[in-house]
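Trainee: build me a structure from this.
(2 chains)
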There are 2 protein chains.
Amino acid sequence: MKTIKIGQFGFGCVGEGLFDIVTDQKKNLPIAYQKICIRDINKSRKAPLEILTDNPKDLFEDVEINLIVELINDADHAFKIVSTAIRKGIPVVSANKKMIAIYYGEIQKLIAEYKTPFLYEGAVCGAIPILQTLENYYQFDKISKVEGIFNGTTNYILTKQFEEKIPFNLALKDAQAKGFAEVDPTSDIDGLDPKYKLKILLAHSFGLDVPVDQIFATGIRNISQNDISYAKNKGLKYRLISKIIKHENQVCALVCPILVKESDLAYKIDHENNYVSITAEYTGKQLLYGKGAGSHPTGIAVFSDITGVINGLSYTKSIDSNLSFTNEVFIEILISAQNLKLLDNVKFNEAYQVYESQGYFYKTGKVSINSLLSTVTDDLFIGLINNKVEFEKGEELLLV
Amino acid sequence: MKTIKIGQFGFGCVGEGLFDIVTDQKKNLPIAYQKICIRDINKSRKAPLEILTDNPKDLFEDVEINLIVELINDADHAFKIVSTAIRKGIPVVSANKKMIAIYYGEIQKLIAEYKTPFLYEGAVCGAIPILQTLENYYQFDKISKVEGIFNGTTNYILTKQFEEKIPFNLALKDAQAKGFAEVDPTSDIDGLDPKYKLKILLAHSFGLDVPVDQIFATGIRNISQNDISYAKNKGLKYRLISKIIKHENQVCALVCPILVKESDLAYKIDHENNYVSITAEYTGKQLLYGKGAGSHPTGIAVFSDITGVINGLSYTKSIDSNLSFTNEVFIEILISAQNLKLLDNVKFNEAYQVYESQGYFYKTGKVSINSLLSTVTDDLFIGLINNKVEFEKGEELLLV
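Mentor: Below you'll find the model as predicted:
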């Protein structure tokens, strides 16, 4: 077997984790680092100085490099790297969920044209081998639902708030101190990170290429200790859930906090852990649980892609036109804010209740996802009060 | 792509499930049944009469057949079928855990000699893609523990006993009526079925070929309603757990009922569901949950193997001589029987307590697996009272 000579972009949390694994696996596989491109060449790194560079050209002009690994933060730069590699026919692996979600269509076109292998297991739920499993197992089944906790940072914060009764801001600081949350936590706490993963899973499980701005996602930025303790007193917990549901030939999706009860599996998923469950006709319900983020857990996913590329793997799930994506579905939610006026931002189809508790105003009712999509949610907390989705035709689906 | 022409042995529960899936997937893949070999040619079947035969030769002499699927019950006959296919160079897929466990070494030799693809995902935990995941993901990690519920029948019985307070015999009859348990339920209720799966996982996760008679396995045949309600009153449940644990270069394994508490994930795994959890250095703890048996769930696993064979997949995990299997480990158990004398069958290293409750005698204490292996357990119930394993050197491992 030809030696795999890696050209890697980025040496942050996942990049360093991958470096450990590659170093460890050198004895088992013909694999080595050829060059690593980083932004700040003066920062001290684990990798030997002679393979470091801050010039991307050094990688693309090195004819020895036969695999590109893209592990930087910026989505636009990441796309430039990945598209250059695809055009040059150099197999490429990435863990950049934002880039893959946003540039999904363009990447598909490039792959179709250049036939270059491109894998990205590390982009969806860290160590959980969800894309492989969908690829190898679920192409022959009829998936009706994909659901899970796709963000470790917010799950860690919710666990802290629930267990230690500390307010959101302190729980976030703790998550940042532990390295789970970024300095700018927006992508996690506003539900963008799980939205990107949901978009990728819409493609891999239902063959749909849905623009990210058509997916409703809200996070936990505005969750108050009042919300947490109110739920806790009722034996419930909030979990930031992501889900995709198919009904006949329509598919809907959303990212939203939801109240779960002790008998729900999601109730048991604490700290930075993630899970993905898949419901399908033949397989029934399956669930994969594991570390959704982190240096080594995500590093293993990326390493698995590297060996996948060596073994000639590529994703075969194609965009399927039989299904259509819809936001014309109805869900039952509660919203809360300290300013009563803000509750009017949400246009309910049916309002159930308005009440006040400990300085917070609450409203419950039924609303369409379409209507939520046009709502400014910056100052509001939105939570699902149950796991039901009602499709336009008035058929109610009770989802477990 | 060349059309896959299947020669299938057996048309029971899984065989029929696979038939449904193949029929369904014909529009997506060049795949078709060429012949199906069954024991009773006169029994009415879903498959068209013209492809049925009761003569195995009809399949092996049909030059059109380019894939053999083995789905019969008898392990020795199954081995004959699989070994003939391997020798003839016809790729083969099987779901026969007993055959693979018992003939593991011989099969490995045949594969090494004839280089014929042989896959068997359906043999371990039905729909759960555990072998694929170990193959694609865990070759590059350092596994320290594999644990789970590997038998749906006994889990269904234990759930029934716990929830509906019905005795073992009635719960077993219910499981038989629902098609979960065989007419002769020995393999399930005595822990043989999960032992075969454990043996296969010892090979795929730790590279060990351990003779099945060296693996201690006990089931739930002798569990009394007294055991169930005693546990329930303490907030506990019994689950038939299978586990493999590595400590330094030693590996131990066992199948045994265990008391689990509400905060344990196993507590939530009810009815015919299975799970497998894998703990490894880089990946941390992952868990796969799903239907451990059944016509379509296992059928999907077999179908996934068929497409795996088409794509040139083969298992690459080899027998690793760095590790050694040991039964010189100590566990803490309780034993119970209606006859006090039977309790003397188990040679405890350290006895904790002897007591009587509702006509049953109990004894708790510490015992080595080696000692249990030489114990006649036909009339005894044996249960782990915690999830600890103590290796010989006196180092105690607390396992979560």
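Trainee: near chain B, which residues of chain A?
Mentor: A:17, A:20-21, A:24-25, A:28, A:127-129, A:132-133, A:136-137, A:139-141, A:263, A:265, A:268, A:281-291, A:294, A:296-297, A:299-301, A:303-304, A:307-308 (C-beta under 8 Å from any C-beta of the partner chain). The way it works is simple: take the backbone N, C-alpha and C, and place the C-beta from them, glycine included.
Trainee: where exactly do the strands run in the stretch 301-400 of chain A?
Mentor: Secondary structure of the stretch 301-400 of chain A by DSSP state E, counting those that start in this stretch: the strands cover A:324-325, A:329-337, A:350-357, A:360-368, A:381-384, A:388-391, A:396-398.
Trainee: please work out which of these is packed deepest.
Mentor: Among these, ranked by average contacts under mean count of other C-beta atoms under 10 Å in any protein chain shown, first place goes to strand A:381-384 (a mean of 23).
Trainee: which neighbouring elements make contact with that one?
Mentor: Helices and strands in packing contact with strand A:381-384 are listed as strand A:250-261, strand A:329-337; criterion 3 or more C-beta pairs under 8 Å, 6 or more residues apart in numbering or on different chains; DSSP states H and E.
Trainee: could you give me the average pLDDT of it?
Mentor: Per-residue pLDDT over strand A:381-384 has a mean of 96.
Trainee: what distance do you get for the residue of the stretch 1-150 of chain A found nearest chain B to residue A:191?
Mentor: Closest to chain B within the stretch 1-150 of chain A is residue A:127: 4.6 Å, counting by C-beta to the nearest C-beta. Distance from residue A:127 to residue A:191, counting by C-beta to C-beta, to the nearest Å: 21 Å.
Trainee: below-threshold pLDDT in chain A: ranges please.
Mentor: A:393-400 (pLDDT under 70).
Trainee: can I see the domain layout of it?
Mentor: According to automatic domain parsing, chain A comprises the domains A:4-119, A:146-291+A:320-398.
Trainee: how far is the last one from where the chain is centred?
Mentor: Just to be clear, that refers to domain A:146-291+A:320-398. 13 Å (C-alpha atoms, centre = their mean, to the nearest Å).
Trainee: do the shortest one as well
Mentor: For domain A:4-119, the distance from its own C-alpha centre to the chain's C-alpha centre is 20 Å (C-alpha atoms, centre = their mean).
Trainee: tell me how far the nearest residue to residue A:356 once chain neighbours are set aside lies from chain B.
Mentor: Closest residue to residue A:356 apart from its sequence neighbours, by C-beta to C-beta, 6 or more residues apart in numbering or on different chains: residue A:362 at 7.1 Å. Note on residue A:362: its distance to chain B, by C-beta to the nearest C-beta, to the nearest Å, is 31 Å.
Trainee: can you name the residues bridging to residue A:362?
Mentor: residue A:336, residue A:355 (DSSP bridges).
Trainee: residues touching it, list them.
Mentor: Applying C-beta atoms under 8 Å, 6 or more residues apart in numbering or on different chains to residue A:362 gives the contacts A:334-336, A:353-356.
Trainee: so the helix or strand encompassing residue A:162 versus strand A:250-261, what angle?
Mentor: Per DSSP states H and E: residue A:162 is located in helix A:152-164. Relative orientation of helix A:152-164 versus strand A:250-261 (axes from the mean of the first three to the mean of the last three C-alpha atoms, to 10 degrees): 20 degrees.
Trainee: does anything pack onto the helix or strand following helix A:152-164? Which helices or strands?
Mentor: Scanning forward in sequence from helix A:152-164 by DSSP H and E, the next helix or strand is helix A:168-177. For helix A:168-177, the packing partners by 3+ C-beta pairs under 8 Å, 6+ apart come out as helix A:152-164.
Trainee: packing partners for the helix it packs on?
Mentor: Short answer (3+ C-beta pairs under 8 Å, 6+ apart): helix A:152-164 packs on helix A:168-177, helix A:186-189, helix A:225-233, strand A:236-247, strand A:273-280.
Trainee: could you check the angle helix A:168-177 makes with it?
Mentor: Using the same axes, to 10 degrees: helix A:152-164 against helix A:168-177 is 130 degrees.
Trainee: please point out which parts of helix A:152-164 sit buried.
Mentor: Using 16 or more other C-beta atoms under 10 Å in any protein chain shown as the test for burial, helix A:152-164 gives A:152-162.
Trainee: surely residue A:266 meets residue A:240?
Mentor: No: counting by C-beta atoms under 8 Å, residue A:266 sits too far from residue A:240 to count as a contact (9.8 Å).
Trainee: and for those two, which residues touch both?
Mentor: Joint contacts of residue A:266 and residue A:240 (C-beta under 8 Å, 6+ apart) are A:149, A:258.
Trainee: out of the two, which sits in the more crowded spot?
Mentor: residue A:240 (28 against 21; other C-beta atoms under 10 Å in any protein chain shown).
Trainee: residues in contact with the nearest residue to that one once chain neighbours are set aside?
Mentor: Counting by C-beta to C-beta, 6+ apart, residue A:240 lies nearest to residue A:154, which is 4.6 Å off, once chain neighbours are set aside. Counting by C-beta under 8 Å, 6+ apart, residue A:154 touches A:188-189, A:191, A:194, A:219-220, A:240.
Trainee: next one: residue A:154 from residue A:180, what distance?
Mentor: Residue A:154 is 9 Å from residue A:180, by C-beta to C-beta.
Trainee: what does residue A:223 give?
Mentor: Applying C-beta to C-beta to residue A:223 and residue A:180 gives a distance of 17 Å.
Trainee: check residue A:81 too.
Mentor: 26 Å.
Trainee: ok, the two, which is more surrounded?
Mentor: residue A:81 (26 against 23).
Trainee: doesn't residue A:73 make contact with that one?
Mentor: No: contact status for residue A:81 versus residue A:73: not in contact, 12.0 Å apart, counting by C-beta under 8 Å.
Trainee: I'd say residue A:347 and residue A:369 touch.
Mentor: No: Residue A:347 is not in contact with residue A:369 according to C-beta under 8 Å; the separation is 12.0 Å.
Trainee: compare those two (neighbour count), which wins?
Mentor: residue A:369 (20 against 14).
Trainee: for residue B:326, which of the domains of chain A is the nearest?
Mentor: domain A:4-119 (25.1 Å; C-beta to C-beta).
Trainee: okay, how far is it across that closest one, tip to tip?
Mentor: With C-alpha to C-alpha, to the nearest Å as the measure, the ends of domain A:4-119 fall 16 Å from one another.
Trainee: do stretch A:53-71 as well
Mentor: OK, stretch A:53-71 end separation, C-alpha to C-alpha: 15 Å.
Trainee: what do you get for stretch A:247-267?
Mentor: From start residue to end residue, stretch A:247-267 stretches across 26 Å - C-alpha to C-alpha.
Trainee: mind listing the helices for the stretch 1-150 of chain A?
Mentor: A:13-25, A:56-60, A:75-88, A:97-102, A:104-114, A:130-137 (DSSP state H, counting those that start in this stretch).
Trainee: next, the angle from the fifth one to helix A:75-88.
Mentor: Helix A:104-114 runs at 10 degrees relative to helix A:75-88, counting by the same axes, to 10 degrees.
Trainee: just the CA trace of helix A:104-114, in PDB.
Mentor: What follows is helix A:104-114, C-alpha atoms only, in PDB (Å, rounded to 0.1, in the frame of the first residue of the first chain):
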ATOM      1  CA  TYR A 104     -23.400  21.500   0.200                       C
ATOM      2  CA  GLY A 105     -24.800  22.000  -3.300                       C
ATOM      3  CA  GLU A 106     -21.500  23.400  -4.700                       C
ATOM      4  CA  ILE A 107     -19.500  20.600  -3.200                       C
ATOM      5  CA  GLN A 108     -21.800  18.000  -4.700                       C
ATOM      6  CA  LYS A 109     -21.400  19.500  -8.200                       C
ATOM      7  CA  LEU A 110     -17.600  19.600  -7.800                       C
ATOM      8  CA  ILE A 111     -17.500  15.900  -6.700                       C
ATOM      9  CA  ALA A 112     -19.700  14.900  -9.600                       C
ATOM     10  CA  GLU A 113     -17.400  16.700 -12.000                       C
ATOM     11  CA  TYR A 114     -14.000  15.700 -10.500                       C
END
